[in-house]
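Chemist: next input, structure requested:
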Amino acid sequence: MNNFYDDAEKVLKRLDESVALLVAQMKLGGKLDPEDVFFDNGEFMKLMNISKRTAQEWRNKKIIEFSQVGNKIYYRLSDIQRLLNDNYNSK
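Modeler: Numbers count the residues shown, from 1 in each chain. Sure, this is the predicted structure:
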């Protein structure tokens, strides 16, 4: 029975990740300039498949730029792209 719940949890996690990617695609649909597209912290964590702690660590170490309004954190798509490009390893 425990295996059933583990499998169900994995399926729900994949669904959640797929929804996050769909949200990202929808945000890009109306705006093409990566400077104008923002992701909140939850969307960023889902998009990058990282934990809240890792996102905090990246901010503290200045690995990713961000904006903060009150307790909410936002990331520009252009900054996310820059992070990925800066850490790209070609063959």
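
Chemist: surely residue 11 is within a helix?
Modeler: Yes - with DSSP: H, G, I helix; E, B strand; the rest coil as the criterion, residue 11 is assigned to a helix.

Chemist: so it versus residue 77, what's the distance?
Modeler: As judged by CB to CB, to the nearest Å, residue 11 and residue 77 stand 28 Å apart. For the C-beta atoms, the positions are set from N, CA and C on the backbone; glycine is no exception.

Chemist: which of these two has more residues huddled nearby?
Modeler: residue 77 (20 against 10; other CB atoms under 10 Å).

Chemist: my read: the more buried one touches residue 47, true?
Modeler: No - Residue 77 is not in contact with residue 47 according to CB atoms under 8 Å; the separation is 9.5 Å.

Chemist: residues that sit against both of those two, list them.
Modeler: By CB atoms under 8 Å, 6 or more residues apart in numbering, residue 77 and residue 47 have these common neighbours: residue 39.

Chemist: give me the element residue 36 is part of.
Modeler: Counting by DSSP states H and E, residue 36 is held by no secondary-structure element, helix or strand.

Chemist: any idea how many residues pack against it?
Modeler: Other residues within reach of residue 36, judged by other CB under 10 Å, total 12.

Chemist: residue 78 versus that one, what's the distance?
Modeler: 9 Å.

Chemist: and for residue 38?
Modeler: Separation of residue 38 from residue 78 (CB to CB): 10 Å.

Chemist: ok, now residue 40?
Modeler: Taking CB to CB, one finds residue 40 at 16 Å from residue 78.

Chemist: likewise for residue 84?
Modeler: Going from residue 84 to residue 78 by CB to CB gives 11 Å.

Chemist: more neighbours: those two, which one.
Modeler: residue 78 (15 against 10).

Chemist: what is the three-state secondary structure of residue 74?
Modeler: strand.

Chemist: which ones are touching it?
Modeler: Taking CB under 8 Å, 6+ apart as the test, what residue 74 contacts is 38, 39, 40, 41, 66, 67, 68.
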